[in-house]
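Asks: please work out how this folds:
(chains A and B)
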Amino acid sequence: MSLNLALAQGGIEFKQFVRTRESLVFTLLFPVMLMFIFGSIFGNIIITPPGEIPQVTLSQYFVTGMIASGIMATGFQNLAITIPIERDRGVLKRYRGTPMPKWVFFAGKILCVAALALISIVMLLAVAVAFYDIHLPDTGQKWFTFFWVSVLGLISCTLCGIAFSGVAKTGRAGPAVVTPIALILQFTSGVFFEYKDLPHWMQQFAALFPLKWMCQGLRSVFLPESFASQEVAGSYELPRVALVLAAWCVGGLILCLLGFRWTTKREG
Amino acid sequence: MTDEELAISVSGLRKSYADNVAVAGVDLAVRRGEVFALLGPNGAGKTTTVEILEGFRQRDAGDVTVLGVDPAKADQDWRRRVGIVLQGTGEFDELKVGEVVRHFARFYPNPADPDEVIARVGLTEKAGSRTHTLSGGQKRRLDVALGIVNQPELLFLDEPTTGFDPAARREFWELIRQLSHTGTTILLTTHYLDEAEALADRVGVIAHGAMIAVSTPAELGGRHLATATVSWRDENGTRTEETDRPTEAVQRLAASFGGEVPELTVTRPTLEDVYLKMIGETGEQP
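Replies: I've put the predicted structure just below:
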């Protein structure tokens, strides 16, 4: 009964999302557009040391980061922006006036985000494979890594998004509060630039947040084994990726319980 | 009156926000099956009181029982028995009317048939429309549909007809009367005195966070005891007379005119007159 309710709630959330043109464009198409723009700018700049085979281009490096960014966009940005709007409109208060268990509301959001993330990943991957010389994983091991990095990344981003929805006091403030954070993380986590070239302090900063580890995990899936030597640690550090993302899932849940509000401050 | 006969029982309710006392000792008893209207100026504490009864806000002090339960400890069972139409409309924008009502019906074990609920609020033609295309009055009717889809024992209506045109308001009253006939207890807050008079069995007036009067609409503020005003027209223009015995006055006039009295009216203070006088005495702006 409750499980069906959660599925129905997810379905309603999904319907609402795909019928809202702004969120479709901002959350799903924007990462694809960025992939085209930066992919075209970076072109075939080779970032492997001279003579090393197989070669890796900056575009290939970038599109793995862009897939991670797409996951962050559907989980973090999407929820941190839309939940304050729903709170302003009184949608959350109305749900709270019904016997719907609270967890069903969150389950609905998470199911909706999972479906959107899947769509986003498929779209970005299709563009990456078609234009930027990315190959789908060729081993079960890599598919598995792809799966858990995406799932852990998505869960941590989603929970942080729900938690962060408490920061914006009004629906209008949402994008202004969230967008700079997302951009700063993208610039410092090795999406637009190679992580190893960033200043040390910036690397330290980005290593505190999930996006850097999501990017690194996805590089292990889509870039050659040998490219691991170009990582700061000299390897893709998959155990550490899993550890940090899992920690963010737990931390995100705690933040979520602390930060989420059903009503606006004004309403008390 | 025993607790079983009361849908709502409140005594000594208090609530403050920071430096502002919103509710300063409200007492209230609403019988099962009754339509009770809460009147009062903006900022008098109506909505705070109602939202405490709905379980949305915590009180500072006082005893509150709603359907036998303290709403501060409201559980799912209690929520299944209560319908809430909030002051603001929570919008679902891109969803269709039918989708929203059907979805909310899922939250309850014994919901009404969603199509029937949509018909009752007069939105059948709009069932397939997205909610953002509805007019203000239609959105409000959707709010009511969501408030009654669980067939509640008790329905809260917070300023339900604000922004309605007169015809829509009359239709809405008819809907509320039907609900009342089926035994639903209704607590209504409103700014419209004619609405309270048309719908309510009893009215309570809140000002400065306190209940200053509770009565039937006809008897509020001693209205039924107030003197009547008889007015008519003669060669000197419009004449009026304040009297306790208007029938006598009319008979006397009829005799002196030898039949029809020109432009005869007999009026008593309207609910609005009485209400404004009450509010005025407490020094609040109506």
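Asks: so what's whatever residue of the stretch 101-250 of chain A ends up closest to chain B up against?
Replies: Chain B sits closest to A:Pro101 of the stretch 101-250 of chain A, with a gap of 7.0 Å, by Cβ to the nearest Cβ. Heads up, the C-betas are built off the backbone N, CA and C, glycines and all. Contact analysis of A:Pro101 by Cβ atoms under 8 Å, 6 or more residues apart in numbering or on different chains lists A:Ser2, A:Leu5, B:Gln76.
Asks: so for it, what's the pLDDT?
Replies: pLDDT for A:Pro101: 89.
Asks: kindly list the main-chain dihedrals of it?
Replies: Backbone geometry at A:Pro101, expressed as degrees, to the nearest 10, gives phi -60, psi 140.
Asks: for the stretch 51-200 of chain A, which segments count as strands?
Replies: In the stretch 51-200 of chain A, no strands are defined using DSSP state E, counting those that start in this stretch.
Asks: helix or strand for the residue in the stretch 101-250 of chain B that chain A sits nearest to, which one?
Replies: Closest to chain A within the stretch 101-250 of chain B is B:Phe107: 4.5 Å, counting by Cβ to the nearest Cβ. For B:Phe107, there is no helix or strand it lies in under DSSP states H and E.
Asks: how many other residues sit next to it?
Replies: The local packing of B:Phe107 (other Cβ atoms under 10 Å in any protein chain shown) involves 23 other residues.
Asks: tell me which residues touch it, please.
Replies: By Cβ under 8 Å, 6+ apart, the contact list for B:Phe107 reads A:Leu5, A:Thr98, A:Pro99, A:Met100, B:Asn150.
Asks: list the contacts of residue 86.
Replies: I went with chain A, as the question did not name one. Contacts of A:Glu86 by Cβ under 8 Å, 6+ apart are A:Leu92, A:Gly171.
Asks: nope, chain B please
Replies: Contacts of B:Leu86 (Cβ under 8 Å, 6+ apart): A:Gly90, A:Lys93, A:Arg94, A:Gly97, B:Asp143, B:Asp158.
Asks: any stretches of the chain with poor pLDDT?
Replies: No chain in the question, so chain A it is. Applying pLDDT under 70 to chain A flags residues A:1, A:265-268.
Asks: chain B, not that one
Replies: If you take pLDDT under 70 as the line, chain B has these spans: B:1-4, B:89-90, B:281-286.
Asks: for chain B, what lies in contact range of chain A?
Replies: B:17, B:54-57, B:76-77, B:79-80, B:82, B:84, B:86, B:88-95, B:99, B:103-104, B:106-108, B:130, B:146, B:150 (Cβ under 8 Å from any Cβ of the partner chain).
Asks: generate a ChimeraX selection restricted to the buried subset of the residues you listed.
Replies: What follows is the ChimeraX syntax for the buried subset of the residues of chain B next to chain A, where burial is set by 16 or more other Cβ atoms under 10 Å in any protein chain shown:
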select /B:54,55,56,57,79,80,82,84,86,89,90,91,92,94,95,99,103,104,106,107,108,130,146,150
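Asks: of the residues of chain B next to chain A, which belong to helices?
Replies: Counting by DSSP state H, the part of these found in helices is B:Gln76, B:Asp77, B:Arg79, B:Arg80, B:Glu99, B:His103, B:Phe104, B:Leu146.
Asks: now the phi/psi pair for the spatially closest residue to the first one that is not a sequence neighbour, please.
Replies: Read it as B:Gln76. Nearest non-adjacent residue to B:Gln76, counting by Cβ to Cβ, 6 or more residues apart in numbering or on different chains: A:Pro99, 3.9 Å away. A:Pro99 adopts backbone torsions of phi -80, psi 10, taken as degrees, to the nearest 10.
Asks: give me the number of residues near A:Pro99?
Replies: Count around A:Pro99 with other Cβ under 10 Å applied: 17.
Asks: next up, the contacts around it.
Replies: Taking Cβ under 8 Å, 6+ apart as the definition, contacts of A:Pro99 comprise B:Gln76, B:Asp77, B:Arg79, B:Arg80, B:Phe107, B:Tyr108.
Asks: repeat that for A:Phe26.
Replies: A:Ala73, A:Gln77.
Asks: for A:Met123, state which of the contacts of A:Pro101 is nearest.
Replies: Closest approach between the contacts of A:Pro101 and A:Met123, by Cβ to Cβ: A:Leu5, at 29.8 Å.
Asks: which residues touch A:Val122?
Replies: By Cβ under 8 Å, 6+ apart, the contact list for A:Val122 is empty.
Asks: quick check: it vs A:Leu116, distance?
Replies: 11 Å (Cβ to Cβ, to the nearest Å).
Asks: A helix includes B:Gly12, no?
Replies: No. Assigned with DSSP: H, G, I helix; E, B strand; the rest coil, B:Gly12 falls outside any helix and is strand.
Asks: once you drop chain neighbours, what's closest to it?
Replies: For B:Gly12, the closest residue by Cβ to Cβ, 6+ apart turns out to be B:Gly62, at 4.1 Å.
Asks: let me know the secondary structure of the one you found.
Replies: Once three-state DSSP is applied, B:Gly62 turns out strand.
Asks: phi and psi next, for the spatially most distant residue from the centre of chain A.
Replies: Ranked by distance from the centre of chain A (Cα atoms, centre = their mean), the top residue is A:Gly51, with 34.4 Å. The phi/psi pair for A:Gly51 (degrees, to the nearest 10) reads phi 90, psi -10.
Asks: quick one: the helices in the chain, in order.
Replies: Let's take chain A. A:2-18, A:21-23, A:30-42, A:58-72, A:78-89, A:91-96, A:102-131, A:140-164, A:174-188, A:200-206, A:210-222, A:238-259.
Asks: wait, chain B was what I had in mind.
Replies: Using DSSP H, helices in chain B cover B:46-53, B:76-81, B:97-105, B:114-120, B:136-148, B:166-181, B:193-199, B:246-257, B:271-281.
Asks: and the fourth one, what other elements does it pack with?
Replies: Read it as helix B:114-120. With contacts taken as 3 or more Cβ pairs under 8 Å, 6 or more residues apart in numbering or on different chains; DSSP states H and E, helix B:114-120 sits against helix B:97-105, helix B:136-148.
Asks: how about JSON lines for these, with distance to B:Gly40 added?
Replies: JSON lines is the format used below for those (distance: least, Cβ to Cβ, whole Å):
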{"stretch": "helix B:97-105", "distance to B:Gly40": "30"}
{"stretch": "helix B:136-148", "distance to B:Gly40": "21"}
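Asks: need the contact list for the closest residue to A:Ile119 other than its chain neighbours.
Replies: Leaving out its chain neighbours, the residue that sits closest to A:Ile119 by Cβ to Cβ, 6+ apart is A:Leu28, at 6.4 Å. Residues near A:Leu28 by Cβ under 8 Å, 6+ apart: A:Thr74, A:Leu116, A:Ile119, A:Ser120, A:Met123.
Asks: turn the residues you listed into TSV, columns for neighbour count.
Replies: Compiled in TSV, the contacts of A:Leu28 are given as follows (neighbours: other Cβ atoms under 10 Å in any protein chain shown):
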residue	neighbour count
A:Thr74	29
A:Leu116	25
A:Ile119	17
A:Ser120	25
A:Met123	17
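Asks: residue nearest the centroid of the chain?
Replies: If you meant another chain, say so; for now it's chain A. A:Met72 (1.6 Å).
Asks: hmm, no, I was thinking of chain B.
Replies: Centre-nearest of chain B using Cα atoms, centre = their mean is B:Leu188, 3.0 Å out.
Asks: isn't that one right next to B:Ala196, touching?
Replies: Yes. The criterion here is Cβ atoms under 8 Å, and B:Leu188 meets it with B:Ala196 at 7.4 Å.
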